[in-house]
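> Next comes the sequence, and after it the predicted model I'd like to discuss.
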Amino acid sequence: MIGTGILKGMAVTARNFVGSYFEKDRLITVQYPEERSPLPENYRNFPFLIYDTDDPEAGLRCVACKICEKECPPQCIYIIKSEDKKPDYMGKPQFYAAVFDIDISVCMSCQICVEVCPFEAIKMDKVFELSKRERFDALLQRKNELAKSNEYYHSIHPIEAAEVDAKLAEAAAAAAKKKAAAAAATAAGSTSAPGTVPVAPAPPTTP
Amino acid sequence: MSDQIDGGLRSELQRQGIWVTSMEELYNWGRKNSIWPLQFGLACCAIEMIATAASRYDIARFGGEVFRPSPRQADLMIVAGTVTKKMAPQIVRLYNQMPDPKYVISMGACAISGGPFKQGYNVLKGIDRYIPVDVYIPGCPPRPEALLHAFMELQRKIDSQKLTGNAKAEHLDPMQPSEFPVPAFGAHDLEPAANPRLFQPPKIERS
Amino acid sequence: MNTTEMLQPPPAMTSRLDGELMEVSMGPQHPSTHGVFRMNVALDGEMVVKLKPVFGYLHRNHEKIGENTSYLGSMPYTDRLDYFCSMTNNWAYALSVEKLAGIEVPERAEYLRVILAELTRLQNHASLLGFLLSDMGAWGTPLMYAFREREKILDLFESLSGSRMMCDYMRFGGCRVDAGPDWMERAKKIVDLFPKFLDEFEKLILSNEIVIMRTQEVGKLSAELAINAGMTGPMLRACGVNYDIRKVDGYGFYPRFKFRVPLGEHGDCYDRLMMRALEMHESVGILKQAMEQIPAGPVMNPKVKIRAFRPPVGEAYGRIEGPKGELGFYLISDGGTNPYRYRVRPPSFINLTVLEDLCLGHTVADVMVILGSVDIVLGEVDR
Amino acid sequence: MPNSLIKAECTGRSKLPRLTNLVDDVILIAMTPNPYFFIVIFCGVAVVFPLMPLALAWLWRRFFQPPRPGAGKNATYECGVESVGEAHVQFQSQYYLYCVIFLIFDVEAIFLVPFAVAFTGLPVGAFISILVFLLLLIEGLVWAWSKGCLDWGSKRLSAR
Amino acid sequence: MTMESLEQIKTRVEAAVPGAKIDIIPNPGPAQQSSLLIDNEHAAAVAKFLRDDSALRLDFCSNATGVDWLDRTVKKTVKVKKIVDGEEKEIDETTEEFFPGYLEAVYHLYSMTHKHGPVIIRMRTADRAENARLPSLTPVYRSAEFQEREIFDLYGVRFDGHPDLRRILMWDEFVDYPMRKDYREPDDYEYEPTPHDDVLEKAKMHYSARPQLDGAENITAQS
């Protein structure tokens, strides 16, 4: 009979309508501002820089090696290297980024900078409510807006942060062991008083 | 809420069931809660816009689900996707054909600044070269919740528009242009490359 | 007309009106052109007499940027090619670079690629049926059902690769992140629930009389013209030509899975609609088999460098069966970090070659249904 | 106010009882106004009701939001592209046939209205005559349909 | 059905199409997809043969691509024995070889009936300027219609015999060919907050000129 297909379609709609009162998965609207759907573990939006100690300026892991600036496909990172050096987490004096800008109006959140960064200095953030009313410097994130603490990194990517910390700790331990071995060798060789920590630069072991 | 009415008096009267408002509040309340977007998707961000209009991230809860195909009945243009130089004259013509008051949301990195396709020869580096933009949403593509957040941002902006006085809303001011010149196709590029009156980027000199 | 004569682009139909025709531009901003696609249509009353498609409104210079970026840098750009199916775009690009540089892929990575490609095919076909129905006039309802399922699959992609639509998940020689056991659990549950949605969706649309009347005998395409005009994917199989690259090339362990390839007879819009519906059933079958047989093991070939990746001099053309047809990448390498020539073979762009042949003689409303059944995405059409 | 009411008003000051009759008369008249007075009010409201928003809109346009028409804004909208050619092109003569056939059956419907109104009180003869009238016109429709005046689009093109 | 090797195809084609000059371009990469370079006069005939031949039946032209090869001067250092003032010495002499640039159209042909692999045919233009002309294969393969229009649009190769050769992706008033290697896009400099290497050079041209220090720098130098 001519109308059966349409009636079947209406039956489906009716079942969905009535079903939405009983089955949970037919009612999928997320009431956005009040009720937010949880973001998965490795969700990524825009990059941010990590600092270890509680001082965002000195604790930054970034050593301004400009690898991420070169590898970024849309080229939205700009780094100016500093003149002087500061010790990094392994105690080795490294350059740091005097200026580190990311233009989030160009960034396509592809996390290639995270993959290529040898110092685990840049990670992907989860903040996505960044709409602004004007463009020019509101959407250019400077170093102070980008820098976030390691605890914050643990709060948004717990598993990944744990792995990264384990890797850094193990690299630091290996470097310390090598330095201790080198110190023992120089102590054995020379007659300098034991206990002074020689400032021999440990070989840069990229983690 | 406009500041001419004293807040304490308002809440006191409201407790006794008397509701006090001003012409401007009523006018803005009516406009902000029923914004009709123009059905106008360019690229990937348009799919996220459709996902926002779908049942999970429901834009109907903000009064924005009536997507009008014709610009004559639309009052918000969501530029969702990459604006190419071949498409720019069409977008400006559509903007001109929209009745006042009209707003523009520049959704996604491509619409703000050309985004990842900035180095393309046929890509316009941002739609704010030719038409005024009210809210920018960074992201590639921004999440549906980010679009809802920008929608609320636009509603806040409409709410704060004045009805009278020198700071009154643009569409009420006869001096403000309601139309912008449509760029022409040139031999190598669009002529003019940008609307000088609208587009004054700050000079950032990098060493 | 003999065959070669028929294969040529059709001469403009002469209209009985000796006066001028109604020139209408179904322009870049049109509710049902799936993006910024324009057709200059000459109408005789309601009859389409001439139809010239106009492209280029989303020409984002994907290939020029591909030549100025490193091999790895182009991978996130392939997500933006066909922005409904980012996983299959990644796979096609990774496959052709692996063919260019001769890289093997571990078994678990190949299985993961098959699972993710079939999930992409499911959500692409479901969305297409939703859009095709809204082109026909059923404005919101089928689209809402389709997007409800699509959101579930996008949640899977997001928890695995980090982004809903722009996954950037595959690397040369494997995949970036391994899928944990809980992800596989959720994927199994969604795949088990999918047939229930398929039956509900088919009951909603496929037996509907209006759909049958609007799509049968509309936009018929003959098999010879389909082959000669380079049609691929569901559009080609709707004309009865048995050519599915998963069976022909046998890439990515597809010969290990048992699945059938649906074929149509008339090559009209209804057959194209049925192709997508039946292919969704096959994809669910492949997913079930792949999820049982997936082995443990590494997901990334350790020998492949991420930075300064220089394939040897030479060229390669790799192709896969994307949801829209044969998606191929033609790469010429001169030994440097950037490809010398980076070319994408876009299935939906070439499937549009016969749009005028399909639409001549139909009414304007049918043009929308025919365009919807071709399933174009402008990011891939204009590149 | 009608004259009798006014006369009663100015003479009724001295005799109180007369006044009470007067009050009854006033209430009586107010209660049973001229039967057509209601229609006057109805037409007044019917005119004011639509005009009021138009007037408000005109006031709003006059004081708050001045119109700013322009060449671009008033251009015909064609999917964002400059529209080529003008919309009034030649139409097939077949559409004219449609209008004529429609007109005939429209007029026929008007003839049926008085018949339908007095249908219950009519003898059988009137019924027969209106049937003849109807059958004649339906026979015309059948002939037009068979000649293909009502065909449209693809069937007509393929029949060519 | 395994396909014949390229050499067999070459010999059969030269037999079938008299006067066709075909040579094989080896593909050094691991993909091992060598190609056939066919001369322009007999291109249509060769393509028709490849499509209609019963053994090959290459009836599906999957991909038509344009490639731009610039003028190249290849320096080769060659060990040459030369008699130099009396005794024989081995010196390496750098020979410079100049290859003129050309534009190329590459077609990947497959067979849907026999389901066998790609036969790649290439056609080269005389040079990169005026007579960058190639015969169109659209009369043989309808799928090449849009792709050849794209090659014309982005590379400037004029296809003779193409039913409707217009620009397909760029707007019609556009004059130059953007995908060529020596194409410079128009310098529409704007707000560049994160420029580096070549973008920085282009941006620097737009920086405001440094005011001429009227000798003031000497004062700071002395103090």
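Yes, it's here.
> contacting residues for the residue nearest to the spatial centre of chain B?
Nearest residue to the geometric centre of chain B (Cα atoms, centre = their mean): residue B:104, 2.0 Å. Residues near residue B:104 by Cβ atoms under 8 Å, 6 or more residues apart in numbering or on different chains: B:76-79, B:95, B:127, B:131-134. All C-beta spots, glycine's among them, are computed from the backbone N, C-alpha and C.
> of all these, which comes closest to chain C?
Distance to chain C, by Cβ to the nearest Cβ, is smallest for residue B:77 among the contacts of residue B:104, at 10.0 Å.
> quick one on the thing from earlier: what about the contacts of residue B:104, which are in helices?
Taking DSSP state H as the definition of helices, these contribute residue B:95.
> Looking at the contacts of residue B:104, which is nearest chain E?
residue B:127 (12.6 Å).
> How about chain A: which residue is closest to chain E?
residue A:78 (3.8 Å).
> Checking that residue next. Helix, strand or coil?
With DSSP: H, G, I helix; E, B strand; the rest coil as the basis, residue A:78 sits in strand.
> Report the contact partners of it.
Each residue near residue A:78 by Cβ under 8 Å, 6+ apart is listed here: A:69, A:99-103, B:206, E:193-196.
> Domain map for chain E?
Using automatic domain parsing, the domain parsing of chain E gives E:6-68+E:102-178, E:185-223.
> Once you drop chain neighbours, what's closest to residue B:100?
residue B:171 (3.9 Å; Cβ to Cβ, 6 or more residues apart in numbering or on different chains).
> Can you report how many residues neighbour residue C:284?
Applying other Cβ atoms under 10 Å in any protein chain shown, we find 20 other residues in the vicinity of residue C:284.
> what's the following helix or strand after the one helix or strand it maps to?
Element membership for residue C:284, per DSSP states H and E: helix C:269-293. Per DSSP H and E, the first helix or strand lying C-terminal to helix C:269-293 is strand C:314-322.
> in that following strand, what counts as buried?
C:314-322 (16 or more other Cβ atoms under 10 Å in any protein chain shown).
> For whichever residue of chain E sits closest to chain C, list the residues it contacts.
At 1.8 Å from chain C, residue E:29 is the closest residue in chain E, using Cβ to the nearest Cβ. Residue E:29 makes contact with C:100-102, C:311-316, C:333 under the criterion Cβ under 8 Å, 6+ apart.
> I'd like to know which of those residues is nearest to chain A.
Checking the contacts of residue E:29 against chain A by Cβ to the nearest Cβ gives residue C:311 as the nearest, at 17.2 Å.
> and chain B, which residues reach chain E?
Neighbours of chain E within chain B, by Cβ under 8 Å from any Cβ of the partner chain: B:85-86, B:113, B:119, B:121-122, B:125-126, B:129, B:185-189, B:193-194, B:199, B:201-206.
> Let me know whether residue A:127 touches residue A:43 as I believe.
No. Between residue A:127 and residue A:43 there is no contact, the gap being 10.6 Å when judged by Cβ atoms under 8 Å.
> so what's residue C:233 closest to, chain neighbours aside?
Counting by Cβ to Cβ, 6+ apart, the residue nearest residue C:233 is residue C:325, at 3.0 Å.
> cool, residue B:121 as well?
Of all residues not flanking residue B:121 in the chain, residue E:185 sits nearest, at 4.0 Å (Cβ to Cβ, 6+ apart).
> residues near the one you found, how many?
Residue E:185: 17 neighbours (other Cβ under 10 Å).
> What of residue B:174?
For residue B:174, the count of nearby residues is 9 (other Cβ under 10 Å).
> Doesn't it belong to a strand?
No. Secondary structure assignment (three-state DSSP) places residue B:174 in coil, not in a strand.
> measure it to residue D:61 for me?
For residue B:174, the distance to residue D:61 equals 11 Å [Cβ to Cβ, to the nearest Å].
> Just the pLDDT at residue 105, thanks.
Here I'm looking at chain A. For residue A:105, the pLDDT comes out at 92.
> Please refer instead to chain C.
We have a pLDDT of 94 for residue C:105.
> Residue B:111 now?
Residue B:111 is assigned 94 on the pLDDT scale.
> roughly how far apart are it and chain A?
Going from residue B:111 to chain A by Cβ to the nearest Cβ, to the nearest Å gives 9 Å.
> if we can go back for a sec, neighbour count and pLDDT added to the contacts of residue B:104, as JSON lines?
Below are these laid out as JSON lines (neighbours: other Cβ atoms under 10 Å in any protein chain shown; pLDDT from 0 to 100):
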{"residue": "B:76", "neighbour count": "23", "pLDDT": "95"}
{"residue": "B:77", "neighbour count": "24", "pLDDT": "95"}
{"residue": "B:78", "neighbour count": "32", "pLDDT": "94"}
{"residue": "B:79", "neighbour count": "29", "pLDDT": "94"}
{"residue": "B:95", "neighbour count": "25", "pLDDT": "94"}
{"residue": "B:127", "neighbour count": "28", "pLDDT": "92"}
{"residue": "B:131", "neighbour count": "22", "pLDDT": "93"}
{"residue": "B:132", "neighbour count": "18", "pLDDT": "93"}
{"residue": "B:133", "neighbour count": "21", "pLDDT": "94"}
{"residue": "B:134", "neighbour count": "18", "pLDDT": "94"}
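> Give me the subset of the contacts of residue B:104 lying in strands.
In strands, judged by DSSP state E, the following of the contacts of residue B:104 are found: B:76-79.
> contacting residues for the residue of chain C found nearest chain E?
The nearest approach of chain C to chain E comes at residue C:314, 1.8 Å away (Cβ to the nearest Cβ). Applying Cβ under 8 Å, 6+ apart to residue C:314 gives the contacts C:100, C:332-333, E:27-31.
> and if we set it to 7 Å?
C:100, C:333, E:27-29, E:31 (Cβ atoms under 7 Å, 6 or more residues apart in numbering or on different chains).
> filter those to the buried ones?
C:100, C:333, E:27, E:29, E:31.
> which non-adjacent residue is nearest the last one?
Which is residue E:31. Leaving aside its chain neighbours, residue E:31 sits nearest to residue C:316 (3.6 Å; criterion: Cβ to Cβ, 6+ apart).
> The one you found and residue E:33 touch, don't they?
Yes. Between residue C:316 and residue E:33 there is a contact under Cβ atoms under 7 Å: 6.4 Å.
> Going along the chain, name the helices of chain A.
For chain A, the helices defined by DSSP H occupy A:4-19, A:67-71, A:112-116, A:143-146, A:150-156, A:158-189.
> for residue C:267, helix, strand, or coil?
Applying three-state DSSP: residue C:267 is coil.
> Give me the pLDDT value at it.
Per-residue pLDDT puts residue C:267 at 92.
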